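Engineer: pasting the structure only:
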């Protein structure tokens with residue numbers, strides 16, 4: 001197995017934790033914490049806002065020190081601590097500050113895991129990366145389905161009663177459970193082999209060359225627009241389902257539809273990349289996100305909303321995985337952590353901030369469908385622009 005075993009286990013455990021946290025955090029803030037729609041948007045926006053600083057900073061540190069795996073372990077431990085702090089937070093100011101602390105570590109975990117995976121794999125191809133990354137999707141699927149059932153069992157057996165307007169009185173358990181999975185991921189991360197490309201060091205000032213390379217600059221710009229369209233609606237998705245009369249278990253079941261197509265698409269990313277090329281993969285991913293949210297915004301029936309959820313897997317394979325793989329082909333190996341941090345900064349960071357705040361405002365002032373209509377139409381615009389401006393991925397001809 002070499003490095004694939006520990007890497008696959010890390011992806012499984014850490015994204016398993018996200019399967020508990022991400023789909024239900026906005027629901028917790030809205031119902032259990034009693035925040036307004038705008039406050040929910042602001043709290044969620046803190047995650048990408050802090051990521052603007054944290055993601056490139058941690059990536060640069062990992063490249064300069066040649067200690068990518070050790071930095072990854074530290075980030076996972078910090079994320080566990082952040083979830084523990086959120087568990088104790090009460091009220092809007094405390095939840096806002098606790099989310100800032102969590103985000104200072106958690107936002108850098110995924111880009112750093114991508115960089116470590118590509119550096120540590122003996123066969124650093126898209127196919128090999130897909131084989132380890134797919135375990136993250138499997139972990140997410142198991143926990144996003146299993147957590148609502150576990151919570152329902154605990155609430156029933158222990159007789160927890162809900163306050164008015166609160167459907168899941170024990171939902172706060174998502175924080176300690178996610179923290180435990182982050183700690184388990186950190187323990188597994190200690191077994192990731194070190195040396196080789198994983199230990200390559202960049203030189204001071206090397207990262208400036210990334211911002212002079214046209215494929216990198218254009219990709220960053222398109223990523224901002226894509227996440228502006230798609231991120232906010234995803235964070236508020238449980239609230240849309242609730243407005244349609246769905247339950248927490250409905251949200252979990254819908255994630256099964258979302259991930260059913262994602263698993264084979266991620267597993268065979270290498271074949272897709274070879275056939276479509278990175279630009280084709282990105283185009284299809286962003287366009288699929290546009291279709292998904294447009295249908296959710298205009299659909300009159302739950303059946304139509306449910307029918308388009310498998311497009312989530314297309315978006316993940318095309319955008320969330322396709323963009324890092326495009327970047328991997330366009331930057332020197334010793335700058336991969338910095339580059340992946342920059343990509344996360346502008347996508348989940350700049351694009352995510354604007355998207356979450358806008359989606360929260362639209363939710364409160366226009367209605368639960370408005371973020372999806374706006375996000376879907378913006379996604380279509382981004383997909384149409386991509387073939388016109390994004391060049392072929394290639395590393396700089398001059399040494400950097």
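Structural biologist: Received it, and whenever you're ready, just let me know what you need. Here the structure is a predicted model, which means the values were calculated and not measured. Numbering: from 1, shown residues only.
Engineer: quick one: low-confidence ranges for the protein?
Structural biologist: Residue ranges of the chain with pLDDT under 70: 1-3, 122-126, 161-165, 195-203, 205-207, 248, 270-273, 397-400.
Engineer: looking at it, which residue lies furthest from center?
Structural biologist: In the chain, the residue that sits farthest from the middle, by C-alpha atoms, centre = their mean, is residue 159; the gap is 34.4 Å.
Engineer: ok, it to residue 169 distance?
Structural biologist: The gap separating residue 159 from residue 169 is 10 Å, by C-beta to C-beta, to the nearest Å. The C-beta positions use only the backbone N, C-alpha and C, and glycine is treated the same way.
Engineer: what do you get for residue 74?
Structural biologist: Residue 74 is 35 Å from residue 169, by C-beta to C-beta.
Engineer: more neighbours, these two?
Structural biologist: Taking residue 74 and residue 169 together and counting by other C-beta atoms under 10 Å, residue 74 has the greater number of neighbours (19 against 16).
Engineer: what comes up buried for the helix or strand that one falls within?
Structural biologist: Per DSSP states H and E: residue 74 is located in helix 68-88. In terms of neighbour count (16 or more other C-beta atoms under 10 Å), helix 68-88 has its buried residues at 68-80, 82-87.
Engineer: Now the element after that helix, going C-ward?
Structural biologist: Counting by DSSP H and E, what follows helix 68-88 is helix 92-106.
Engineer: What residues sit buried inside that following helix?
Structural biologist: 92, 95-96, 98-106.
Engineer: other SSEs contacting it?
Structural biologist: helix 37-65, helix 68-88 (3 or more C-beta pairs under 8 Å, 6 or more residues apart in numbering; DSSP states H and E).
Engineer: Can I get these in TSV including distance to residue 377?
Structural biologist: Below are these laid out as TSV (distance: least, C-beta to C-beta, whole Å):
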stretch	distance to residue 377
helix 37-65	19
helix 68-88	34
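Engineer: Which of the ones you listed sits closest to residue 291?
Structural biologist: Closest to residue 291 of those, according to C-beta to C-beta: helix 37-65, at 23.7 Å.
Engineer: Now do the closest one: distance to the chain's middle.
Structural biologist: 12 Å (C-alpha atoms, centre = their mean, to the nearest Å).
Engineer: and that helix, which residues are buried?
Structural biologist: Neighbour-count burial for helix 37-65 [16+ other C-beta under 10 Å]: 37, 39-52, 54-64.
Engineer: Is residue 223 in contact with residue 343, as I believe?
Structural biologist: Yes: using C-beta atoms under 8 Å, residue 223 makes contact with residue 343 at a distance of 6.3 Å.
Engineer: List the contacts of the residue lying closest to residue 352 once chain neighbours are set aside.
Structural biologist: What sits nearest to residue 352 in space, not counting adjacent residues and going by C-beta to C-beta, 6 or more residues apart in numbering, is residue 48, at 3.1 Å. Residue 48 sits next to 103, 107, 231, 348-353, 356 when contact means C-beta atoms under 8 Å, 6 or more residues apart in numbering.
Engineer: among those, which two are most distant?
Structural biologist: Spanning the widest gap among the contacts of residue 48 are 103 and 351, at 15.2 Å by C-beta to C-beta.
Engineer: Show me how far the longest helix anywhere in the chain is from its chain's centre.
Structural biologist: Secondary structure of the chain per DSSP state H: the longest helix is helix 126-158. How far helix 126-158 lies from its chain's middle: 15 Å, per C-alpha atoms, centre = their mean.
Engineer: helices or strands next to whichever helix or strand comes after that helix in the packing?
Structural biologist: As assigned by DSSP H and E, the chain's next helix or strand after helix 126-158 is helix 174-189. Helices and strands touching helix 174-189, by 3+ C-beta pairs under 8 Å, 6+ apart, are helix 4-27, helix 68-88, helix 126-158.
Engineer: what's the most buried one of these?
Structural biologist: Counting by mean count of other C-beta atoms under 10 Å, helix 4-27 has the highest mean neighbour count of the helices and strands packed on helix 174-189, with a mean of 24.
Engineer: what helix or strand is residue 239 on?
Structural biologist: Going by DSSP H and E, residue 239 is in helix 237-243.
Engineer: Pull out the buried residues from whatever helix or strand comes next after that helix.
Structural biologist: Scanning forward in sequence from helix 237-243 by DSSP H and E, the next helix or strand is helix 248-267. Residues of helix 248-267 classed as buried: 248, 250-255, 257-259, 261-263, 265-267 (neighbour count, 16+ other C-beta under 10 Å).
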